[in-house]
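Q: All I have is the shape, not the residue letters:
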Ligand SMILES: [Zn+2]
């Protein structure tokens, strides 16, 4: 009986903590690490694909070259052979109105890269995809190590960045994307990158 009551109490505490975590992710919070105020759920962005060898210095999109190395906010070319586009991978968070966004990079074949570039200014593409790509940034907790992840790259109208959907439906990142995650793993992910609310 005592044990059962204790179990209930533990669940109640867990539920309270859950609500508190959710509230933290919704509110304005001062970061214990970077010291900045973050407003609500904090998205993250990778400035370059992980294999990019240099400083993340952007050239204008309009200066795009398909030879050698090129980096702008939306396009990246490595050694004239590997083509990357800045994309968005979203993970829904239970209880929050909008998904968490990871601004990251995916490869594209040269053919699809050229299609993307050609439609970029108008946001209208020759076809709607999905185009195949390799996710080109690691993501702590969900994609720390292991084999590369193939993604569907879905070009998005209205000049929004392409959305990425993990192809292998059994991968933890695919499961997170499909089923959503709760506030706690969301906070763990932010903390893994050094962002987390200051504990009062
Ligand atoms: Zn921070």
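A: Right, received. Where do you want to start? Model, not experiment: these values are computed from the prediction. Residues are numbered from 1 along each chain as shown.

Q: residues from the chain in reach of the ion?
A: For the chain, the residues in contact with the ion (C-beta under 5 Å from the ion) are 31, 34, 195. Bear in mind the C-beta positions are built from the backbone N, C-alpha and C, glycine included.

Q: three-state assignment of residue 119?
A: Classification of residue 119 by DSSP: H, G, I helix; E, B strand; the rest coil places it in helix.

Q: State the distance from the closest residue to it other than its chain neighbours to residue 113.
A: The shortest distance from residue 119 to any non-neighbouring residue, by C-beta to C-beta, 6 or more residues apart in numbering, is to residue 125 (3.7 Å). Applying C-beta to C-beta, to the nearest Å, the value for residue 125 to residue 113 is 12 Å.

Q: what about the two, which has more around it?
A: Using other C-beta atoms under 10 Å as the criterion, residue 125 and residue 113 rank with residue 113 on top: 23 against 18.

Q: I figured the more buried one hits residue 81, correct?
A: No - using C-beta atoms under 8 Å, residue 113 makes no contact with residue 81, being 11.2 Å away.

Q: quick one: the strands in this structure?
A: 28-30, 37-39, 44-45, 70-71, 75-78, 82-91, 100-108, 131-134, 150-154, 163-166 (DSSP state E).

Q: so which of those comes closest to residue 51?
A: strand 75-78 (6.3 Å; C-beta to C-beta).
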